[in-house]
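Enquirer: return atomic coordinates for the entry below.
(chains A, B, C and D)
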Protein chains: 2
Amino acid sequence: MGKAKKRWTLEEEAALSAGVYKYGTGKWKDILNDHQFAHCLINRSNVDLKDKWRNLGCNASNSQSSSRRHTGSRYVFIVQMYFL
Amino acid sequence: MGKAKKRWTLEEEAALSAGVYKYGTGKWKDILNDHQFAHCLINRSNVDLKDKWRNLGCNASNSQSSSRRHTGSRYVFIVQMYFL
DNA sequence: CTCTAGGGTTAGGGTTTA
DNA sequence: TTAAACCCTAACCCTAGA
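Expert: Predicted coordinates for the structure are as follows:
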């Protein structure tokens, strides 16, 4: 049972963008803890910020096909011997 | 920002497991300094070893003998099969 | 200073749902 | 169906205390 989806508002996106400009990407918790942005992002987690930033970045050029789990019949053995 | 994640290979996991078998848990630097394992773990730090051992879930199940040190002329083969 | 232990955070694959 | 939103968790970070 996942949470109800809550669409990102323009204010939230703006706060996220400004936060990334200030701290750089990968500083999601820092952005959330910044009082300059916190009030706009009160309902978002650091993981939410990361996911949203990824979605924004993928808009332009994400033409990769879906990753496919393949279980083929080819395989290789690697054998190692450790003296203990 | 952020360091690129380097997924652990089966060779690295095998070296770590053998290292823990030889030295016991909590001897990450000893494992790293052991010429027997160093070549497989060249890209890993002692903290990386600790973290990997933790999320392998080996701490709980092997706690009763976790600090046991094994020495002698015994050896073990580690056989890995990769599907391509 | 170095090293480990353990809590905290991020990255990226995977899944769900409007 | 598609993609934004959300989930799972391995991998990595921070740092007190030994």
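Enquirer: hmm, the host helix or strand of residue A:53 touching DNA strand D?
Expert: Using DSSP states H and E, the secondary-structure element containing residue A:53 is helix A:46-58. Yes. For helix A:46-58, a contact with DNA strand D is found by Cβ under 7 Å from any atom of the strand, at A:47, A:48, A:51, A:52, A:54, A:55, A:58. The way it works is simple: take the backbone N, C-alpha and C, and place the C-beta from them, glycine included.
Enquirer: for that helix, name the packing helices and strands.
Expert: helix A:10-23, helix A:28-33 (3 or more Cβ pairs under 8 Å, 6 or more residues apart in numbering or on different chains; DSSP states H and E).
Enquirer: any idea which of the residues of helix A:46-58 next to DNA strand D is least confident?
Expert: Looking at pLDDT alone, those dip lowest at residue A:58, where the score is 45.
Enquirer: right, and residue A:44 touches residue A:13 too?
Expert: No. Taking contacts as Cβ atoms under 8 Å, residue A:44 lies outside contact range of residue A:13: 10.7 Å.
Enquirer: ok, which residues in chain A are in contact with DNA strand D?
Expert: Of all the residues in chain A, those in contact range of DNA strand D (Cβ under 7 Å from any atom of the strand) are A:2-8, A:44, A:47-48, A:51-52, A:54-55, A:58-59.
Enquirer: can you tell me the element residue A:26 falls in?
Expert: Judged by DSSP H and E, residue A:26 forms part of no helix or strand.
Enquirer: where's it relative to residue B:47, distance?
Expert: The span separating residue A:26 from residue B:47 equals 19 Å under the rule Cβ to Cβ, to the nearest Å.
Enquirer: when these two are compared, which one has more neighbours?
Expert: residue A:26 (13 against 10; other Cβ atoms under 10 Å in any protein chain shown).
Enquirer: low-confidence ranges, chain A, go.
Expert: Applying pLDDT under 70 to chain A flags residues A:1, A:58-84.
Enquirer: same thing but 90
Expert: For chain A, the stretches flagged by pLDDT under 90 are A:1-4, A:57-84.
Enquirer: can I assume residue A:29 is in contact with residue A:46?
Expert: Yes. Counting by Cβ under 8 Å, residue A:46 is a contact partner of residue A:29 at 4.7 Å.
Enquirer: that older thread, check which residues of the helix holding residue A:53 are buried.
Expert: Across helix A:46-58, burial judged by 16 or more other Cβ atoms under 10 Å in any protein chain shown covers A:48, A:49, A:50, A:52, A:53.
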